[in-house]
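# build me a model from this:
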Amino acid sequence: QVQLVESGGGLVQPGGSLRLSCAASGNLFRVNAMRWYRQAPGKQRELVAGITSGGSTSYADSVKGRFTISRDSANHTAYLRMNSLNPEDTAVYYCNADVRVSAYVLDYRAYWGQGTQVTVSS
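Prediction:
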């Protein structure tokens with residue numbers, strides 16, 4: 001059993017910052033790419049940022065220059081630093097990771113966290 005647990009969400013004023021964390025735990029052997037998605041009310045889930053096991057990063061155009069994804073590979077944890085937040089960033093943020101559960105299982109499977117709410121409002 002693999003769990004992804006997000007934390008760090010909350011209410012923040014426009015222009016403020018938050019840092020989200022995503023910790024993978026349980027029966028896992030290796031974690032490959034880790035990603036942050038978000039879903040606002042009435043909208044589809046969208047990819048916000050991703051980071052490979054080697055540390056290469058990618059971002060949605062809407063967050064470039066404001067958000068930074070990073071990871072602590074030794075502890076299977078990813079972070080999303082969010083600066084200059086605006087009301088359009090309000091959403092539930094989900095962590096996603098490609099996990100290999102055993103040395104004897106070659107495939108990676110995608111797991112999701114339960115989500116953490118980010119609300120940007122004055």
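
# now do the SS call for the residue positioned nearest the centre of the chain.
Centroid check for the chain by CA atoms, centre = their mean gives Trp36 as the closest residue, at 2.9 Å. The three-state label given to Trp36 by DSSP: H, G, I helix; E, B strand; the rest coil is strand.

# likewise for Gln44?
coil.

# separation between it and Ala91?
11 Å (CB to CB, to the nearest Å). In this view, the C-beta of every residue, glycine as well, is placed from N, C-alpha and C.

# more neighbours: which of these two?
Set Gln44 next to Ala91 and count neighbours by other CB atoms under 10 Å: Ala91 wins out with 22 against 7.

# the more buried one and Ala74, how far apart?
29 Å.

# ok, now Ala23?
In terms of CB to CB, Ala23 sits 12 Å off from Ala74.

# cool, Arg35 as well?
Arg35 is 19 Å from Ala74, by CB to CB.

# of those two, which one has the most company?
Set Arg35 next to Ala74 and count neighbours by other CB under 10 Å: Arg35 wins out with 22 against 6.

# who's in contact with that one?
Shown in contact with Arg35 (CB atoms under 8 Å, 6 or more residues apart in numbering): Leu47, Val48, Ala49, Gly50, Ile51, Cys95, Asn96, Ala97.

# so it bridges to which residues?
Beta-bridge partners for Arg35, by DSSP bridges, are Gly50, Asn96.
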